[in-house]
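A.B. asks: Using only what follows, build the 3D model:
(4 chains)
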2 protein chains.
Amino acid sequence: MSLRHAVLGLLVEKPASGYDLMKLFNTSLANVWPATQSQVYGELARLADAGLVDVAAEGPRGRKEYTLTEEGLAELRGWLMDAQPEVHRSAALLRVFFLGVLTPEQAVEHLTQLAEQAAADLARLRELQKSLDWDNKGMLTTNGRLALEFGLRLHEMREQWARWATQQITADGEDLGS
Amino acid sequence: MSLRHAVLGLLVEKPASGYDLMKLFNTSLANVWPATQSQVYGELARLADAGLVDVAAEGPRGRKEYTLTEEGLAELRGWLMDAQPEVHRSAALLRVFFLGVLTPEQAVEHLTQLAEQAAADLARLRELQKSLDWDNKGMLTTNGRLALEFGLRLHEMREQWARWATQQITADGEDLGS
DNA sequence: GCGGACATGTAAGAAGTTACATGATTAG
DNA sequence: CTAATCATGTAACTTCTTACATGTCCGC
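C.D. replies: Residues are numbered from 1 along each chain as shown, chains lettered A, B, ... in the order given. Next up is the predicted model:
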């Protein structure tokens, strides 16, 4: 139930509308916890029902500005310290498992694509890092920088691994070609 | 829709019942694409409806042994070469984003836990690697080894990153203590 | 006045989790 | 005979995605 906590977390810094939050989900949190508009509005309604946020002000065009309540902050703090291990699914790794169904050439091509995709992701994050370095405001970018570094290391690792895996496969087939 | 492809992939090696598949999901695929019993049985029924698998034989206790059809193999091959980038959500990284809500001490404690968790995961996979090294059978372990190496590198990276992040936080607060 | 941004919501469906429910076979 | 394993299924609920639907305000 982390969408809930993402919303609460974003509201710590300052009050925001669903619309405002969506911009944050599409920028700051895009690589960490993406969410759709329909999810965010729904969750805000549920959070207000539960008393974890309040509608502090109403603006033009039906704008509702939400603030965190005491209970909301408590809920967030509880979640932050809870830290139970996650289950992750990876379609990319699942594909690797079944690579034997393809020809070695196809498998190598696929792994090459993975390496290139990782390299592209890495480049993208490096760009993001550059744009973040100068205008530094608030908790979100401070800790966001830690998350960003994780992403940089992750994609670097992905690329290295994909290149290594390619070698593994080509090495396996080597003696057949002699 | 990768559960479908996980099931198809497992059936490439040999025919299996839902019960058999569950054992594979709980061992080989546990770290890559976990699935529950109710999901697997449901998916098998849908796959049979769609003609991607057949009930090749029925055994004792209502056992249904499924095999892959031509269409099923084609579907799997198509998926294997499709390779579109995934969206990943990470509650762990989300927590990092909001670490500013905690005291520096609590934040450091949390990151230390992350490092320890990563170290434990790494140790667990190294054990798995040992047990896999001797009895080598089939495509699943051959390519599973590639996936395993990914896991090893991932957890190593996670641990290093968590230690680095701890330093970042303690460095920030340093001048306050003097 | 009109286009783009602001702003909120609903509905249908896919995917996943947890819990319940039932029964047959086999090894000791 | 009885406990463990084999074996399949259903139901309720949560989460996420995609698409639809509607309307207002502000700057030019």
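
A.B. asks: could you measure the residue nearest in space to the middle of chain A against A:Leu125, distance?
C.D. replies: Centroid check for chain A by C-alpha atoms, centre = their mean gives A:Val32 as the closest residue, at 1.6 Å. A:Val32 sits 12 Å away from A:Leu125, going by C-beta to C-beta, to the nearest Å. Backbone N, C-alpha and C define where each C-beta goes, glycine included.

A.B. asks: which bits of chain A sit near DNA strand D?
C.D. replies: Proximity of chain A to DNA strand D, by C-beta under 7 Å from any atom of the strand, involves residues A:1-4, A:34-39, A:60-62.

A.B. asks: domains in chain A, as residue ranges please.
C.D. replies: Listed domain ranges for chain A are A:2-82, A:91-177 (source: automatic domain parsing).

A.B. asks: Among those, which comes closest to B:Glu159?
C.D. replies: Ranking the domains of chain A by distance to B:Glu159, with C-beta to C-beta as the measure, places domain A:91-177 first at 11.0 Å.

A.B. asks: From the chain's centroid, how far away is the closest one?
C.D. replies: Relative to its chain's centre, domain A:91-177 lies at 15 Å (C-alpha atoms, centre = their mean, to the nearest Å).

A.B. asks: Please apply the same query to stretch A:66-73.
C.D. replies: With C-alpha atoms, centre = their mean, you get 24 Å for stretch A:66-73.

A.B. asks: Show the end-to-end separation of it, please.
C.D. replies: 13 Å (C-alpha to C-alpha, to the nearest Å).

A.B. asks: check whether it contacts DNA strand C.
C.D. replies: No. Applying C-beta under 7 Å from any atom of the strand, one finds stretch A:66-73 separated from DNA strand C by no less than 7.9 Å.

A.B. asks: which outside residues touch that stretch?
C.D. replies: Outside stretch A:66-73, the residues that touch it by C-beta atoms under 8 Å, 6 or more residues apart in numbering or on different chains are A:8, A:11-12, A:15-18, A:44, A:47-48, A:50-56, A:76, B:101.

A.B. asks: my guess is A:Gly144 meets B:Phe97, correct?
C.D. replies: Yes. Applying C-beta atoms under 8 Å, one finds A:Gly144 in contact with B:Phe97, separated by 5.9 Å.

A.B. asks: shared neighbours of these two, which are they?
C.D. replies: A:Ser28.

A.B. asks: Surely A:Leu44 is in a strand?
C.D. replies: No. A:Leu44 is assigned helix when assessed by DSSP: H, G, I helix; E, B strand; the rest coil, not a strand.

A.B. asks: And the residue lying closest to it once chain neighbours are set aside, how close does it get to DNA strand C?
C.D. replies: Once flanking residues are discounted, A:Leu44 sits nearest to A:Gly18: 5.4 Å by C-beta to C-beta, 6 or more residues apart in numbering or on different chains. Per C-beta to the nearest atom of the strand, to the nearest Å, A:Gly18 is found 3 Å from DNA strand C.

A.B. asks: Am I right that A:Gly18 is in contact with A:Tyr41?
C.D. replies: Yes. Here A:Gly18 reaches A:Tyr41: they are 4.8 Å apart, a contact under C-beta under 8 Å.

A.B. asks: Find the residues that touch each one of the two.
C.D. replies: By C-beta under 8 Å, 6+ apart, no residue touches both A:Gly18 and A:Tyr41.

A.B. asks: What are the buried residues along stretch A:59-76?
C.D. replies: By 16 or more other C-beta atoms under 10 Å in any protein chain shown, the buried positions in stretch A:59-76 come out as A:Lys64, A:Glu65, A:Tyr66, A:Leu68, A:Thr69, A:Gly72, A:Glu75, A:Leu76.

A.B. asks: Could you verify my assumption that the last one touches B:Leu99?
C.D. replies: No. Here A:Leu76 does not reach B:Leu99: they are 11.3 Å apart, not a contact under C-beta under 8 Å.

A.B. asks: Can you work out which residues contact both of these two?
C.D. replies: With C-beta under 8 Å, 6+ apart as the test, A:Leu76 and B:Leu99 reach no residue in common.

A.B. asks: if we can go back for a sec, helices - which of the buried residues of stretch A:59-76 land there?
C.D. replies: In helices, defined here by DSSP state H, the members of the buried residues of stretch A:59-76 are A:Gly72, A:Glu75, A:Leu76.

A.B. asks: Please tell me the pLDDT value assigned to the first one.
C.D. replies: Meaning A:Gly72. Reading off the confidence values, A:Gly72 has pLDDT 97.

A.B. asks: try the one 5 residues further on
C.D. replies: The model reports A:Arg77 with a pLDDT of 96.

A.B. asks: tell me the contacts of it?
C.D. replies: Counted by C-beta under 8 Å, 6+ apart, A:Arg77 has contacts B:Val101, B:Leu102.

A.B. asks: Return the distance of it relative to DNA strand D.
C.D. replies: Taking C-beta to the nearest atom of the strand, one finds A:Arg77 at 19 Å from DNA strand D.

A.B. asks: returning to what we had before: could you list every residue that touches the nearest residue to the residue nearest to the centre of chain A once chain neighbours are set aside?
C.D. replies: Once flanking residues are discounted, A:Val32 sits nearest to B:Leu93: 4.6 Å by C-beta to C-beta, 6+ apart. Applying C-beta under 8 Å, 6+ apart to B:Leu93 gives the contacts A:Val32, A:Trp33, A:Ala147, A:Phe150.
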